[in-house]
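Participant: Next come a sequence and a model predicted from it.
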Amino acid sequence: MFRTLLFYAGLYLSTILFTLIGLVVYPLPFQKRSSIMARFAWFNLWWLKLTCNLDWEIEGEEHIPEGPAIIMCKHQSAWETLALQKIFPPQVWVLKRELLWIPFFGWGLASLDPIAINRGSGRKALQQLIEQGTERLNSGHWVVIFPEGTRVAPGEKHRYRVGGASLAVKSGYPVIPVAHNAGEFWARNQMQKKPGTIKVKIGPVIDPEGMDAAQLIQQVEAWIEPNSESLSTLPTAGA
């Protein structure tokens with residue numbers, strides 16, 4: 001627990017520092033601004049390893065394409081929000097707009113041009129995602145989407161939403177599926193971090209050509225779920 005508290009001390013202090021940095025660098029072009037702000041994630045991944053002995057390894061980096069794409073990732077913890085910034089090129093996030101209201105943390109997020117949607121607005125939110133997502137992709141930015149819409153405990157799954165798939169179909173940009181087991185070490189609503197090695201797996205590019213949103217999200221789910229299960233260190237039923 002002491003190690004965890006030490007990690008959070010560094011996390012909170014760096015959040016305040018990078019919020020201030022974000023305000024200073026806001027006038028810079030997105031690529032430069034994003035590169036600077038990504039140091040927040042890099043620092044905290046390093047600090048997490050140093051304080052909590054929690055490392056990570058990655059498989060499938062050869063699948064990362066040259067041009068922008070839509071990253072669809074399993075969402076189990078806050079860890080992947082840091083790691084994706086180190087694994088992939090400069091990116092924007094699809095997130096609920098309420099996150100931008102969080103003091104310091106939300107202000108830092110706002111400096112990274114997120115697609116902040118009101119989930120309660122139905123089709124309007126979907127249209128916003130498609131329009132702003134396409135604009136970001138055309139500008140060379142990657143887009144990160146958690147298709148289940150919220151954090152899900154390891155071994156569980158929620159319904160995969162079609163918003164990200166609709167963006168891919170409408171824009172023509174490919175999807176990169178990502179599986180991991182971070183929630184087994186950095187659990188939701190649990191402060192203490194477990195030592196070990198988080199495993200991340202990047203899947204082959206999924207081309208949306210010839211598919212509708214329902215078909216595409218089904219293919220994304222069919223890759224992410226079994227690969228997440230294969231990375232799990234949890235005991236299987238009956239074991």
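Facilitator: In hand now; what should we look at?
Participant: isn't there a strand covering Thr197?
Facilitator: Yes - counting by DSSP: H, G, I helix; E, B strand; the rest coil, Thr197 is found in a strand.
Participant: So what's the residue count around it?
Facilitator: Thr197 has 13 neighbouring residues, counting by other Cβ atoms under 10 Å. Quick note: C-beta positions are derived from backbone N, CA and C, even for glycine.
Participant: which helices and strands sit right next to the host helix or strand of Leu23?
Facilitator: Take DSSP states H and E as the rule and Leu23 turns out to sit in helix 2-25. On a contact count with 3 or more Cβ pairs under 8 Å, 6 or more residues apart in numbering; DSSP states H and E, helix 2-25 meets helix 30-37, helix 39-52, helix 105-110.
Participant: list the helices and strands the shortest one packs on?
Facilitator: In terms of contact count using 3+ Cβ pairs under 8 Å, 6+ apart, helix 105-110 is assigned the packing partners helix 2-25.
Participant: I'd like to know how many residues surround Ile145.
Facilitator: 25.
Participant: Any figure for the gap between the spatially closest residue to it that is not a sequence neighbour and Phe7?
Facilitator: Closest residue to Ile145 apart from its sequence neighbours, by Cβ to Cβ, 6 or more residues apart in numbering: Gly164 at 3.8 Å. As judged by Cβ to Cβ, to the nearest Å, Gly164 and Phe7 stand 31 Å apart.
Participant: of those two, who's got more company?
Facilitator: Gly164 (26 against 21).
Participant: How confident was the prediction at that one?
Facilitator: Looking at Gly164, its pLDDT is 93.
Participant: Same check on Gln91?
Facilitator: At Gln91, pLDDT is 91.
Participant: so what's it closest to, chain neighbours aside?
Facilitator: That would be Trp142: by Cβ to Cβ, 6+ apart, it lies 4.0 Å from Gln91.
Participant: From Cys73, how far off is that neighbour?
Facilitator: For Trp142 relative to Cys73 (Cβ to Cβ), the value is 12 Å.
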